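Asker: The sequence isn't on hand, but the structure is:
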């Protein structure tokens, strides 16, 4: 390989994730070899660009590749070093050729350590083109083998590979899904909450507060819960990623939309084991989630307000022995116990002062949470400001649906006591008891009809005194 004595001192490395047969990632080995080559040729490594778990063949974004390319084309460095050409790209000369053209225009060069190729050497470009095309063909062949293998497994109702949904695992003997001993109980609680109509933001908060890590070890989010609940395998059905025909490339490409795989012979979905929910339960969950979105004129789905009333679903009758939800009737929130056939005389309170008192408590209490508090962390992930002025500004510009979401993040419920007499001014100190999310899990109240807390094994009585 020709060494350019006049080359600049700095060089960048580009590494892409690979797996050794013993299961260890090859990233460190790639970097070691590339650094050794740079040192041997008098170059100092300026920056290392890495793409982990990113395909070099599929049409996926690769931030590391883009930044490595820009480092040379911008003139930041003159040399880009890769371990092998197939680590750089598996799209053939279509992509690699464009990159070489761009490098040539600025006097840059590409070096492949294991292939012993330097694009600045005579004849190297032809060899690079040949190896690049070989990598592309190899990926296509491998893809075809994988498609045949997956079809074989599909025809036999077996899991085709990849990580199954949270709460499930693959039985090594049968190759079918089965509940995971450690996480299936939490997955079922998620399903039960969704079936009962709980907002996804509240389910996520309950999981996070109880220290239940998400599949990737971080905090749960509404988006990840929606994806889980809609996953075909969550109901024991074999999934398939939808594809569309790419006219430009002359082949099919994945859309990212996952749907149940259907048997070509029968047209029906294929069962791949035991799910967390039944197919009927999943249909109910999906219908409920669908009802919370609307299709705008541009064809994009957007959340809709589940209720136009701020505190519906958060207010509960505080009369002993009741504990029924309250809803807006006219200008007041009213206990629904009578309508449901309960003997409760029914608490009621004017909506305006109740809403004003709850909002004032929300804006005053939330900013005082300590920095490491789980609720504060979850809201920070949603870009919610934590000073009083910022929270007030966010509240004032939000619609009712967004306001309800903010309240649901931090308020478990609000107990409303019965007025002590007619004509008295509303006193929030005597009439309201806000149960904050971080204290609601442990609260014990006086005897009453109670409510079942699925996140604990005991029955929690309510309302509190």
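Answerer: Great, that's in hand. Quick caveat: nothing in here was measured; it's all calculated off a predicted structure. Residues are numbered from 1 along each chain as shown.
Asker: isn't there a strand covering residue 412?
Answerer: Yes - using DSSP: H, G, I helix; E, B strand; the rest coil, the assignment for residue 412 is a strand.
Asker: so who does residue 391 touch?
Answerer: Listed by Cβ atoms under 8 Å, 6 or more residues apart in numbering, the contact set of residue 391 reads 363, 366, 367, 384, 385. Using the backbone N, CA and C atoms, a C-beta is placed for each residue, glycine as well.
Asker: can you tell me which helix or strand it belongs to?
Answerer: With the criterion set as DSSP states H and E, the secondary-structure element containing residue 391 is helix 388-397.
Asker: In that helix, which residues are buried?
Answerer: 391, 394 (16 or more other Cβ atoms under 10 Å).
Asker: what's around residue 368, how many residues?
Answerer: Burial measure for residue 368: 10 neighbouring residues, criterion other Cβ atoms under 10 Å.
Asker: ditto for residue 66
Answerer: Residue 66 is flanked by 12 other residues according to other Cβ under 10 Å.
Asker: Check what pLDDT it gets.
Answerer: Residue 66 is assigned a predicted lDDT (pLDDT) of 89.
Asker: The host helix or strand of it: which residues count as buried?
Answerer: Counting by DSSP H and E, the element that carries residue 66 is helix 63-73. Burial within helix 63-73, assessed by neighbour count using 16+ other Cβ under 10 Å, is assigned to 64, 65, 67, 68, 69, 71, 72.
Asker: do stretch 309-327 as well
Answerer: By neighbour count on 16+ other Cβ under 10 Å, the buried set for stretch 309-327 is 309-311, 313-320, 322-327.
Asker: now do stretch 42-55
Answerer: Of the residues in stretch 42-55, those scored as buried under the neighbour-count criterion (16+ other Cβ under 10 Å) are 43, 45, 46, 48, 49, 50, 51.
Asker: Now for the residues you listed: which two are most distant?
Answerer: For the buried residues of stretch 42-55, the farthest-apart pair by Cβ to Cβ is 43 and 51; their separation is 21.7 Å.
Asker: What is the burial count for residue 37?
Answerer: By other Cβ under 10 Å, the residues close to residue 37 number 20.
Asker: In contact with the closest residue to it other than its chain neighbours, which residues?
Answerer: Leaving aside its sequence neighbours, residue 37 sits nearest to residue 113 (Cβ to Cβ, 6 or more residues apart in numbering; 4.7 Å). For residue 113, the contact set (Cβ under 8 Å, 6+ apart) comprises 33, 34, 37, 81, 82, 83, 84.
Asker: and which of the residues you listed is nearest to residue 353?
Answerer: residue 82 (67.5 Å).
Asker: how deep is the closest residue in space to that closest one that isn't next to it in sequence tucked in, by neighbour count?
Answerer: What sits nearest to residue 82 in space, not counting adjacent residues and going by Cβ to Cβ, 6+ apart, is residue 88, at 4.6 Å. By other Cβ under 10 Å, 25 other residues sit near residue 88.
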